[in-house]
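Enquirer: Sequence and predicted structure are below.
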Amino acid sequence: MSGHSKWAQIKHKKAATDVKKGKAFSKLAKEISVAARLGGGDPAGNARLKTVIEKAKEINMPQENVKRAILKGTGELPGASYEEVTYEGYGPGGTAILIETLTDNKNRTVSELRHLMSKNNGAMGEAGCVSWIFEKRGYILVDKSKADEDSVMSVALDAGALDMKNDPAEESYEIVTAPEDFSGIKEALVKNSIAVEMAEVTMLPKNYVPVDKNAAAQLARLIDALEDNDDVQNVYSNSEMPQEIMDTAS
C-alpha cells in the first residue's frame with residue numbers, strides 16, 4: 001500500500017474542495033440513487049446505502065438532497081436511471097488506471113473518457129486489462145498521534161480486519177477490511193473511542209509501479225481531468241509517485 005495513505009488523504013481533501021464546485025453533491029446523489037435502487041431505501045438493511053449516506057454526512061450534504069436521491073432510486077420520484085460501468089486503461093509511466101462511472105449514456109461517457117485519456121498521455125484498454133491488479137477493500141486511517149498501536153490493532157483485528165499496517169513513513173495506521181466487514185469495523189473503532197481519520201470502500205492495488213517526476217506530473221493531471229468528468233465517480237491507479245508530486249497534489 002506504499003503511498004496509498006497519502007493519496008487517500010489527498011482525495012479526502014479534494015472532496016471538500018469539490019463541494020464548492022457543486023460536483024461532490026451531484027456525484028454522491030447518483031451513488032445514493034443506485035444503492036437505493038439495488039438494495040432498497042432503508043440504510044439499516046442496505047450496507048452500501050449506509051456507507052454512502054455516511055460519506056454524504058461527512059461533506060455536509062443536505063438531508064433533503066439525500067432523501068430525494070433515495071426516492072429517485074426506489075422509483076418514488078422520477079429521475080435518470082444510472083448504470084455502473086468500469087473502464088480500464090493505462091496512464092503515463094505504464095501505470096494501471098481503473099475508472100468507475102455512473103452513467104445514463106455509455107456512448108457519451110466512453111467517448112469523453114477516451115478523449116481525456118489520449119489528451120493526457122493515457123490510453124483506454126480492453127475490459128480486464130488492468131482490473132486484476134486491484135481488489136475491493138475497506139480502508140480506514142487512524143491518526144497515530146491520537147491512538148496507540150496496540151489499542152488500534154486489538155480492536156481492528158478483533159472486529160475482523162484483514163490487516164493493519166504501521167508504516168514509519170506515514171502519519172496514520174492503515175486498516176484493511178473485507179468490504180462486507182467495513183462498517184462493523186469502523187463502528188467498533190468509534191465505540192472504543194478511537195477516532196477514524198478517514199474511511200472508505202476502495203480499490204487497492206496488489207502491486208505498485210514507481211514513476212519518475214515527469215510521468216507523475218502527467219499522471220496527476222490525467223487523474224484530475226478524469227475526476228472532473230460528471231460521469232466519473234472514482235479513479236484508481238497503481239502508481240507510486242515521488243513525494244514532491246504528492247505534496248503538490250495536496
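Expert: Happy to help now that I have it.

Enquirer: check contacts around the residue positioned nearest the centre of the chain.
Expert: With distances taken as Cα atoms, centre = their mean, residue 202 lies nearest the centre of the chain, 4.7 Å away. Contact partners of residue 202, counting by Cβ atoms under 8 Å, 6 or more residues apart in numbering, are 8, 136, 137, 138, 139, 234, 236. Yep, even glycine has a C-beta here, placed from its N, CA and C like the rest.

Enquirer: Leaving out chain neighbours, which residue sits closest to the fourth one?
Expert: In space, and not counting its chain neighbours, residue 138 is closest to residue 182: 3.0 Å by Cβ to Cβ, 6 or more residues apart in numbering.

Enquirer: and the gap between the one you found and residue 141?
Expert: With distances taken as Cβ to Cβ, to the nearest Å, residue 182 is found 13 Å from residue 141.

Enquirer: try residue 192
Expert: 16 Å.

Enquirer: can you check residue 73 too?
Expert: Residue 73 sits at a distance of 29 Å from residue 141 (criterion: Cβ to Cβ).

Enquirer: Between the two, tell me which one has more neighbours.
Expert: Ranked by neighbour count (other Cβ atoms under 10 Å), residue 73 and residue 141 place residue 73 first, with 27 against 21.

Enquirer: can you give me the strands in the chain?
Expert: 83-91, 95-103, 123-124, 134-143, 163-165, 172-177, 198-205, 209-210, 232-237, 239-240 (DSSP state E).

Enquirer: contacts for the first one?
Expert: When you say that, I think you mean strand 83-91. With Cβ under 8 Å, 6+ apart as the criterion, strand 83-91 contacts 34, 96-104, 106, 109-110, 113, 117, 121-131, 218-219, 222-223, 237, 239.

Enquirer: Could you do the fifth one as well?
Expert: Strand 163-165 is touched from outside by 1, 152, 153, 156, 157, 173, 174, 175, 176, with contacts defined as Cβ under 8 Å, 6+ apart.

Enquirer: how about the residues you listed, which pair is most distant?
Expert: Farthest apart among the contacts of strand 163-165 by Cβ to Cβ are 1 and 157. That separation is 16.8 Å.

Enquirer: ok, these two, which is more surrounded?
Expert: The residue with more neighbours, out of residue 1 and residue 157, is residue 1; 17 against 14, by other Cβ under 10 Å.

Enquirer: Let's see the pLDDT reported for that one.
Expert: Residue 1 carries a pLDDT score of 51 in this model.

Enquirer: Run a quick neighbour tally on the nearest residue to residue 80 once chain neighbours are set aside.
Expert: Counting by Cβ to Cβ, 6+ apart, residue 80 lies nearest to residue 104, which is 4.5 Å off, once chain neighbours are set aside. Per other Cβ under 10 Å, the neighbour tally for residue 104 reads 13.

Enquirer: For residue 51, which of the strands of the chain is the nearest?
Expert: Residue 51 lies closest to strand 198-205 among these, at 6.2 Å (Cβ to Cβ).

Enquirer: Note down every partner strand of the closest one and its orientation.
Expert: Strand pairing for strand 198-205, using DSSP bridges, gives strand 134-143 (antiparallel).

Enquirer: For the partner strand, buried residues please.
Expert: Within strand 134-143, the residues scored as buried using 16 or more other Cβ atoms under 10 Å are 134, 137, 138, 139, 140, 141, 142.

Enquirer: show me what contacts the fifth one?
Expert: Remark: with contacts taken as Cβ under 8 Å, 6+ apart, residue 140 is in contact with 156, 174, 175, 176, 177, 182, 185, 186, 189, 196, 198, 199.

Enquirer: Ok, the last one next?
Expert: Listed by Cβ under 8 Å, 6+ apart, the contact set of residue 142 reads 152, 172, 173, 175, 189, 194, 195, 196, 197.
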